[in-house]
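[1] Predicted model, plus sequence, below.
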Amino acid sequence: MRLQIACEDRMGLAKEVLNNLVEYDIDLKGIEFDKHSRCLYVAFPQIEFESFQRVMAAIRRIDGVTDVKTTNFLPYEREHNELVTLLRILPDGVISIDNRGNILTANQASLVDLGRSEEEIIGQPLQSLLKGFNFVKWLEGKEVLSQTLKLTGNNEEFVTDLLPINVTDEEGVVQLVGAVVNLKSHTRLGQQINAFRDDNNESFVNILANSTSMRRVIREAKKMSQLDAPILIQGETGTGKELIARACHDASDRSEHPFLALSCASLPDNVAESELFGYGPNAYPGADEVGKRGIFEQAAGGTVFLDEVGEMSSELQTKLIRFLQNGTFRRVADENEVHVNVRVICATQKDLANMVQEGLFREDLYYRLNVLSILIPPLRDRKQDILPLAQHFVQRFSNELGKAAPTISKSCCDYLQNYPWPGNTRQIENAIYRAISLLDADIVEKETLELPTYTNEFGYLEKEFEGTLDQAVKRFEAGLLRKLYPAYPSSRLLAKKLGLSHTAIANKLREYGINKKSIKV
């Protein structure tokens, strides 16, 4: 329990308060006088209500006491909690060291930056964690001045501010008691520089790009965002194609107008057409008498993002070509021409150039869409982005869930960087979210992520295999034949491709029920 005692500044008043506590056999845990509020604070263990009432009454009777009430914190406790909270929420790493260079305290951001837990670094020399500067020699110098350096730790470079802590004693002598070390990663520094420039590219700040290839993508996308020609964004699933598209829109002169997206793979052709171009009055039974505006009309002045454009039907491709030529189109079941000023950004994970060669995608549409192109590399090819992404998601989801952000263990960091991430950024985001949601400890270990085993040759491997080897071989064989059959839709063609006899392939196709009726050719 804690009491706040408003009182006069009288000699011996504090002693009388303590005598009352002794009289009632109450142990003192703390006592403090706040000169600003002119209050005396005392802390003692929880006591029974009747004893508490008697103590309160006794203290009120002391000469010079004007009021007594309970409080949650002593002033030094409140200041300590505020300082701890401030350090915890700071996005940059902050470490305090003593005058011998040993670590006294470290906030959560610094633990994430250095990839260590608090237990691993407290009391350790900072020299062992940050390379490129002699902290002990600096602290032992005749004149210890603030410095800004580029130091390396946890295989990452930091812009580091070194700030000496000087304390003046009662005799007016200045004593060096240690220093504060502020770490700023490339990511944080880049975010701050971009914010300072305020060059209408704020939307790109939230895209983490440590690797050379991803920085090049951002650099090219920023330039393309200021143009009006269509953009084609290519990349595997989960690489962030829509994120780049939205950033291009937000950084453009169209940012005040709508950004609307449509997945060409998720809708049937007729539905996709009406969603894109709208439909005229009474176009369908039960349709509105005035018709409906499509996405292109709704996004007038803005941007339309077409995801998985490679899945678009040939009929819809033809209509899109006409729109890209002059910005005009007709609604479904309507004779009137509509003209809108819209920028088109498309995305695909397919090889459109190869689809053009195979006759699966219109060549003229491909060249109209591929005016400005961005290729987003998969996460496995930009390993420098993996740990910053993981640490970003750890911090973000911890904040969302109201938890203290855990650190990622060294073994887990190695595992993250060596995992192939077939689902790319989306997969690592989902894996971290699940781990943080279920985590009870303060360290993320490899086992916490529960990622399925994956190889580039065989894809995901089953942890719990069922059946016999013969059954597994047949499952693989059937799957392979189903994939190849559309390209080689006869037993003779397929037999020639696989180097088997026509009879053997015909028997296998019959056994697995593979034919032109069961497989779309």
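    Cool, the structure landed.
[2] tell me the centre residue of this protein?
    For the chain, the residue sitting closest to the mean C-alpha position, by C-alpha atoms, centre = their mean, is residue 393 at 3.7 Å.
[3] Report the contact partners of the closest residue to residue 65 other than its chain neighbours.
    In space, not counting the residues next to it along the chain, residue 65 is nearest to residue 7; the distance is 4.8 Å by C-beta to C-beta, 6 or more residues apart in numbering. Glycine gets a C-beta too; all of them are placed from N, C-alpha and C. Taking C-beta atoms under 8 Å, 6 or more residues apart in numbering, we find residue 7 in contact with 13, 38, 39, 40, 62, 64, 65, 66.
[4] hmm, back to that, quick one: contacts for the closest residue to the residue nearest to the centre of the chain other than its chain neighbours?
    With sequence-adjacent residues excluded and distances taken as C-beta to C-beta, 6+ apart, residue 393 is closest to residue 432, at 3.9 Å. With C-beta under 8 Å, 6+ apart as the criterion, the residues that contact residue 432 are 390, 393, 394, 397, 444, 449.
[5] Residue 509 reaches residue 491, doesn't it?
    Yes. In this structure residue 509 lies within contact range of residue 491 using C-beta atoms under 8 Å: 6.0 Å.
[6] Correct me if wrong: residue 107 contacts residue 88.
    Yes. Shown here, residue 107 and residue 88 form a contact pair, counting by C-beta under 8 Å, at 6.0 Å.
[7] Looking at the two, which one has more neighbours?
    Set side by side, residue 107 and residue 88 show unequal neighbour counts under other C-beta atoms under 10 Å, the larger going to residue 107 at 22 against 13.
[8] What separation do you get for that one and residue 440?
    As for residue 107, its distance to residue 440 is 22 Å (criterion: C-beta to C-beta, to the nearest Å).
[9] what's the first-to-last distance across stretch 92-106?
    The separation between the terminal residues of stretch 92-106, taken as C-alpha to C-alpha, to the nearest Å, is 11 Å.
[10] That one: which residues count as buried?
    Neighbour counts using 16 or more other C-beta atoms under 10 Å place 92-99, 101-103, 105-106 of stretch 92-106 among the buried residues.
[11] which pair in these spans the largest distance?
    Across those, the longest distance by C-beta to C-beta is 23.2 Å; it joins 92 and 99.
[12] if we can go back for a sec, now, which of the contacts of residue 432 lie within strands?
    Taking DSSP state E as the definition of strands, these contribute residue 444.
[13] Mark which of the contacts of residue 432 are buried, thanks.
    For the contacts of residue 432, burial is judged from neighbour counts taken by 16+ other C-beta under 10 Å, and it is met by 390, 393, 394, 397, 444, 449.
[14] I'd assumed residue 135 was in contact with residue 101.
    Yes. Using C-beta under 8 Å as the test, residue 101 is close enough to residue 135 to be in contact (4.0 Å).
[15] Identify the contacts common to these two.
    Taking C-beta under 8 Å, 6+ apart as the contact criterion, the common neighbours of residue 101 and residue 135 are 125, 126, 127.
[16] how much space is there between the first one and residue 103?
    Distance of residue 125 to residue 103, computed by C-beta to C-beta: 8 Å.
[17] what's the answer for the last one, then?
    To residue 103, residue 127 is 10 Å away according to C-beta to C-beta.
[18] can you check the second one too?
    Using C-beta to C-beta, one gets 6 Å for the distance from residue 126 to residue 103.
[19] So for those two, which residues contact both of them?
    With contacts taken as C-beta under 8 Å, 6+ apart, residue 126 and residue 103 have 95, 97 as neighbours in common.
[20] And the helices in the stretch 251-400 of the chain?
    Using DSSP state H, counting those that start in this stretch, the helices assigned to the stretch 251-400 of the chain run over residues 269-277, 295-298, 314-326, 352-357, 363-369, 386-401.
[21] Looking at the ones you listed, which is nearest to residue 234?
    Between residue 234 and the helices of the stretch 251-400 of the chain, the shortest separation by C-beta to C-beta is 7.6 Å, and it involves helix 352-357.
[22] quick one: low-confidence ranges for this protein?
    For the chain, the stretches flagged by pLDDT under 70 are 190-202, 286-289, 453-466, 520-521.
[23] How is it divided into domains?
    The record, using automatic domain parsing to delimit domains, assigns the chain the ranges 2-74, 90-188, 199-375, 379-455, 469-511.
[24] Show the contacting residues for residue 213.
    Each residue near residue 213 by C-beta under 8 Å, 6+ apart is listed here: 377, 381, 382.
[25] Quick check: neighbours shared by residue 107 and residue 88?
    Applying C-beta under 8 Å, 6+ apart, one finds that no residue jointly contacts residue 107 and residue 88.
[26] which among the buried residues of stretch 92-106 gets closest to residue 313?
    residue 92 (51.2 Å).
[27] For the closest one, give me its contacts.
    In this structure, residue 92 makes contact with 109, 182, 183, 184, 188, judged by C-beta under 8 Å, 6+ apart.
[28] Can you give me the separation between the last one and residue 240?
    For residue 188, the distance to residue 240 equals 20 Å [C-beta to C-beta].
[29] the more surrounded of these two?
    Looking at residue 188 and residue 240 with other C-beta under 10 Å, you find the greater number of neighbours at residue 240, namely 22 against 18.
[30] from memory residue 317 sits against residue 361, does it?
    Yes. Contact between residue 317 and residue 361 holds when scored by C-beta under 8 Å: they sit 7.2 Å apart.
[31] which of the two has more neighbours?
    The neighbour count for residue 317 versus residue 361, taken as other C-beta under 10 Å, is higher for residue 361 (23 against 17).
[32] Against residue 230, how distant is the residue found closest to the more buried one once you drop the neighbours it is linked to in the chain?
    Of all residues beyond its chain neighbours, the one nearest residue 361 is residue 355 (3.9 Å), with distances taken as C-beta to C-beta, 6+ apart. In this structure, residue 355 and residue 230 are 17 Å apart, going by C-beta to C-beta.
[33] For these two, indicate the residue with more neighbours.
    Looking at residue 355 and residue 230 with other C-beta under 10 Å, you find the greater number of neighbours at residue 230, namely 19 against 16.
[34] Need the nearest residue in space to the more buried one, chain neighbours excluded.
    Leaving aside its chain neighbours, residue 230 sits nearest to residue 344 (4.7 Å; criterion: C-beta to C-beta, 6+ apart).
[35] so residue 420, which of the three states?
    Three-state assignment for residue 420 (DSSP: H, G, I helix; E, B strand; the rest coil): coil.
[36] Skipping its backbone neighbours, what lies nearest it in space?
    That would be residue 380: by C-beta to C-beta, 6+ apart, it lies 4.8 Å from residue 420.
[37] Check what contacts stretch 155-165 and list those residues.
    Outside stretch 155-165, the residues that touch it by C-beta under 8 Å, 6+ apart are 93, 96, 113, 130, 133, 135, 138-139, 144-152, 176-186, 189.
[38] Over to stretch 316-323?
    With contact meaning C-beta under 8 Å, 6+ apart, stretch 316-323 is reached by 264, 269, 272-273, 276-277, 296, 312, 328-329, 361-362, 364-365, 368.
[39] Would you list the buried entries among the residues you listed?
    Using 16+ other C-beta under 10 Å as the burial test, these include 264, 272, 273, 276, 277, 296, 312, 329, 361, 362, 365, 368 as buried.
[40] any chance of those residues in TSV, plus distance to residue 120?
    Supplementary listing: the buried ones among the contacts of stretch 316-323 in TSV, determined by distance: C-beta to C-beta, whole Å:
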residue	distance to residue 120
264	50
272	55
273	60
276	56
277	60
296	57
312	54
329	62
361	54
362	59
365	57
368	57
